[in-house]
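*Asks:* Provided below are the primary sequence and the corresponding predicted coordinates.
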Amino acid sequence: MSAEALLFSYGTLQLASVQLSQFGRLLEGSDDVLHGYRQIEITIRDPDVLEASGIEVHLALVPDASAPPIPGKVFRLTPEELAAADVYESENYTRVAAPLASGITAWVYVKASPTVSL
């Protein structure tokens, strides 16, 4: 099992077009729920992401303990597929480990904090 990574998706990584373009295959996922975050919308400008998803406005997560639970899918990815997901999510997201309602911990992409230039 160490060769696999668990990834919780609440958005475009569930789309067949994105899975085929990023992983070269369709993923099988199991339903789960994430607590402690709320969904916001962000505008995507990366042309590769726009081509894969066909959607300019994507969902992103920000911490919020009082927000309603977020349903999604847990996918089993190879390390190479997880790296491909990192490329797809680009500078808009940060990957963090999060506990899910099922009791497992999976990677999830949350809104990246803006970087501060000094």
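*Replies:* Structure's in. What do you need? Residues are numbered from 1 along each chain as shown.

*Asks:* now the helices: where do they sit in the chain?
*Replies:* Here the chain has its helices, by DSSP state H, at 16-23, 47-53, 79-89.

*Asks:* mean pLDDT for these: which is lowest?
*Replies:* Here those differ in mean pLDDT, and the lowest is helix 47-53 at a mean of 88.

*Asks:* wait, what's in contact with residue 76?
*Replies:* 4, 5, 6, 7, 27 (C-beta atoms under 8 Å, 6 or more residues apart in numbering). Glycine gets a C-beta too; all of them are placed from N, C-alpha and C.

*Asks:* oh sorry, the question was meant for residue 10
*Replies:* Contacts of residue 10 by C-beta under 8 Å, 6+ apart are 34, 39, 59, 61, 70, 71, 72, 108.

*Asks:* among those, name the buried ones.
*Replies:* 34, 61, 70, 72, 108 (16 or more other C-beta atoms under 10 Å).

*Asks:* circling back to that earlier point, need the helices of the chain in CSV with mean neighbour count, can you?
*Replies:* As requested, those are exported to CSV (neighbours: other C-beta atoms under 10 Å):
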stretch, mean neighbour count
helix 16-23, 17
helix 47-53, 15
helix 79-89, 16
